[in-house]
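# what follows is a predicted protein model with its sequence.
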Amino acid sequence: MQDEDDDLRVVLGVLFGVIALVIALVIGMGVYSLNRATAVPVVEAAPTPVTELMRAAAESVPTEAIAFTELAPQGDAQVKVYFAVGETGLNEAAAGDLAAFAQTAADKVGNSDMAVLVSGFHDASGSAEVNAEIAKTRAMSVRNALIAAGIAADKVLLSKPAGTLGDGDPAEARRVEVRLQ
């Protein structure tokens with residue numbers, strides 16, 4: 001009688017296991033078909049407005065030979081140019097500030113060892129590559145304005161775009177600083 005009870009337990013265990021697997025299969029198939037019916041099709045992403053701005057800015061700002069200097073910024077910036085989000089062009093106030101700076105700096109820079117250092121900044125949010133490219137384009141806009149205002153092109157140096165740290169004013173991350181050193 002003991003052997004019959006053991007055999008019955010084994011048969012019932014196998015039967016319950018098979019039933020559990022069938023139930024799990026039915027539930028799994030139901031979930032799969034529901035997910036498949038409500039799945040969102042994958043669509044190729046359109047270019048972001050920032051990418052379009054970068055392309056347009058690259059076309060408007062000559063980038064023939066962008067060489068960054070290893071010269072470290074010293075002292076406070078004489079001019080800070082702030083940009084709107086995603087913008088790389090100068091507004092009228094910034095252009096006026098740069099023209100005034102160029103008038104006073106042109107005489108000092110002329111035949112001396114002094115140079116004008118232009119430094120672009122960006123924040124750490126988003127793509128580092130995109131942010132650095134926007135900061136570089138902004139710095140090139142400022143550089144071109146200084147050259148147009150009378151400072152010799154070989155005296156206007158660009159430093160590599162730098163990221164800002166901390167939780168300060170977001171406008172500080174969208175600036176270009178100009179120093180006479």
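Yep, it's here.
# contact partners for the residue nearest to the spatial centre of the chain?
Nearest to the geometric centre of the chain sits N131, at 2.9 Å (Cα atoms, centre = their mean). The neighbours of N131, taking Cβ atoms under 8 Å, 6 or more residues apart in numbering as the test, are 122-125, 161, 163. All C-beta atoms are positioned from the backbone trio N, CA, C, and that covers glycine.
# ok, now with 6 Å
N131 makes contacts with H122, as judged by Cβ atoms under 6 Å, 6 or more residues apart in numbering.
# let's verify A24: helix, strand, or coil?
The three-state label given to A24 by DSSP: H, G, I helix; E, B strand; the rest coil is helix.
# and it, how far from V31?
11 Å (Cβ to Cβ, to the nearest Å).
# just the helices in this protein please.
2-37, 49-60, 92-109, 128-148 (DSSP state H).
# which of the ones you listed sits most buried?
helix 128-148 (a mean of 21; mean count of other Cβ atoms under 10 Å).
# still on that earlier bit, weakest of the helices of the chain by average pLDDT?
Taking the average pLDDT of each of the helices of the chain, the minimum falls on helix 49-60, with a mean of 48.
# measure the residue nearest to the centre of the chain to S141 for me?
From N131 over to S141 (counting by Cβ to Cβ), the distance is 16 Å.
# measure the residue nearest to the centre of the chain to V85 for me?
Separation of N131 from V85 (Cβ to Cβ): 12 Å.
# what about E70, distance to I151?
20 Å.
# those two: who's more crowded?
Neighbour count, other Cβ atoms under 10 Å: between E70 and I151, I151 has more, with 24 against 7.
# who touches the more buried one in this structure?
Counting by Cβ under 6 Å, 6+ apart, I151 makes contact with 102, 106, 116.
# thought the first one was touching A152?
No - between A102 and A152 no contact is recorded; they are 10.7 Å apart, counting by Cβ atoms under 6 Å.
# quick check: beta-bridge partners of the closest residue to D76 other than its chain neighbours?
Closest residue to D76 apart from its sequence neighbours, by Cβ to Cβ, 6 or more residues apart in numbering: R179 at 7.7 Å. Here R179 sits in beta bridges with L117, as judged by DSSP bridges.
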